[in-house]
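Peer 1: Here you go, sequence then predicted model.
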Amino acid sequence: MSGPPPVGSLHDLAEQRLLPDHQRMDHATLDWISAQPPEGPEPPTLPSEPPLLPVPRWFATTQGPDGIHGLLHNARVSHLAAILAAEHQLAPEVRLALRVAAAVHDCRRLTDRDDPDHGRRAGQWFLHHHQTVTASTGHGALPEDLVALAATAVAQHASPPRLPSGQELHDPRGAEFVTRLLRTADALDRYRLPLTRWWPDHGRLQLQPPAWLPRYAHRLVVTTERARLDGATHRQALGLDSR
């Protein structure tokens, strides 16, 4: 029989290699994250589509929605993906497919530790539930080709990158390009993780973001997680509802 779960902040537990299967943000870890912003210029004030917030029942476990791969993470990645999509001038319908993919990319995780098959599970789940997902966002149904595009990006986001052809790399409607955008947005939200060695290596991101975006992503983690810890709902923490 296993003993009681280890006690301490995520940061302390990570340093001791004692992170549990299910992990939630805490004040001490967030204070440590907040004190270490990445280098880079101050982010501009920019208009962007609001985050798409997934629904708790879409998650594979009851701990999932409030975990470090939960509602706030998926919503932030959808927001960061929208920024990257705008930077690369994706068509509105492809941008929506990417945002929707980002909003559900981790919803079928079974654990906050290694779960190499979670992308495939989430991609399959999305194929069966895409109408429910898009309806929840207030948008109409995606065309079949964009459903397949979003599902492919979700399924492949956690797989080792392959070497794409030049055409694939620059095709704004192609699965490889959209998957790279999703991976980059996902990586930019790694500032929520409790050790800096797990934070994004800007030189190794799938697509190079604007110089100000890492600082923006770090600030987004701190503000949304702080609001949630201080009693805000997920929607309030993301600025979707007033407190």
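Peer 2: Yep, that arrived.
Peer 1: residues in contact with the helix or strand hosting L13?
Peer 2: Assigned by DSSP states H and E, L13 belongs to helix 10-15. Contact partners of helix 10-15, identified using C-beta atoms under 8 Å, 6 or more residues apart in numbering, comprise 6, 19-20, 23-26, 28-29, 32, 68, 193-195. From N, CA and C alone the C-beta is placed, and that goes for glycine too.
Peer 1: biggest helix in this structure, by residue count?
Peer 2: For the chain, the helix reaching the highest residue count under DSSP state H is reported as helix 118-136.
Peer 1: and whatever helix or strand comes next after that one, what's its mean pLDDT?
Peer 2: Counting by DSSP H and E, the next helix or strand C-terminal to helix 118-136 is helix 144-156. Helix 144-156 carries an average pLDDT of 96.
Peer 1: Just the buried residues of helix 144-156, please?
Peer 2: 146-156 (16 or more other C-beta atoms under 10 Å).
Peer 1: now swap in stretch 134-145 and tell me
Peer 2: Residues of stretch 134-145 classed as buried by neighbour count (16+ other C-beta under 10 Å): 134, 136-137, 142.
Peer 1: Most widely separated two among these?
Peer 2: Greatest spatial distance among the buried residues of stretch 134-145 (C-beta to C-beta): S136 and L142, at 12.9 Å.
Peer 1: Overlap in contacts, these two.
Peer 2: When contacts are counted by C-beta under 8 Å, 6+ apart, the set common to S136 and L142 is empty.
Peer 1: related to what we said a few turns ago, counting contacts, what elements does the longest helix of the chain pack onto?
Peer 2: Contact analysis of helix 118-136 by 3 or more C-beta pairs under 8 Å, 6 or more residues apart in numbering; DSSP states H and E lists helix 92-104, helix 144-156 as its packing neighbours.
Peer 1: change it to 6 Å
Peer 2: In this structure, helix 118-136 makes packing contacts with helix 144-156, judged by 3 or more C-beta pairs under 6 Å, 6 or more residues apart in numbering; DSSP states H and E.
Peer 1: what's the helix or strand for A82?
Peer 2: helix 71-87.
Peer 1: scratch that, A227
Peer 2: For A227, the host element (DSSP H and E) is helix 213-229.
Peer 1: quick one: average pLDDT of that helix?
Peer 2: 97.
Peer 1: ok, and what's touching the very next helix or strand once past that helix?
Peer 2: Once helix 213-229 ends, the next helix or strand along the chain (criterion: DSSP H and E) is helix 234-237. Here helix 234-237 makes contact (C-beta atoms under 6 Å, 6 or more residues apart in numbering) with 71, 224, 227-228, 241, 243.
Peer 1: Just the buried ones from those?
Peer 2: Buried members of the contacts of helix 234-237, counted by 16+ other C-beta under 10 Å: 71, 224, 227-228.
Peer 1: For those residues, which two are the farthest from each other?
Peer 2: Using C-beta to C-beta, these span at most 12.7 Å, a distance reached by L71 and A227.
Peer 1: Give me the buried positions along the helix holding L13.
Peer 2: Neighbour-count burial for helix 10-15, counted by 16+ other C-beta under 10 Å, picks out 10-14.
Peer 1: so which of the residues you listed would you say is closest to P160?
Peer 2: Comparing these against P160 with C-beta to C-beta places A14 closest, at 23.5 Å.
Peer 1: show me what contacts the residue nearest in space to the middle of the chain?
Peer 2: The chain has V77 as the residue nearest its centroid, 3.3 Å off, counting by C-alpha atoms, centre = their mean. Taking C-beta under 6 Å, 6+ apart, we find V77 in contact with 102, 185-186, 189.
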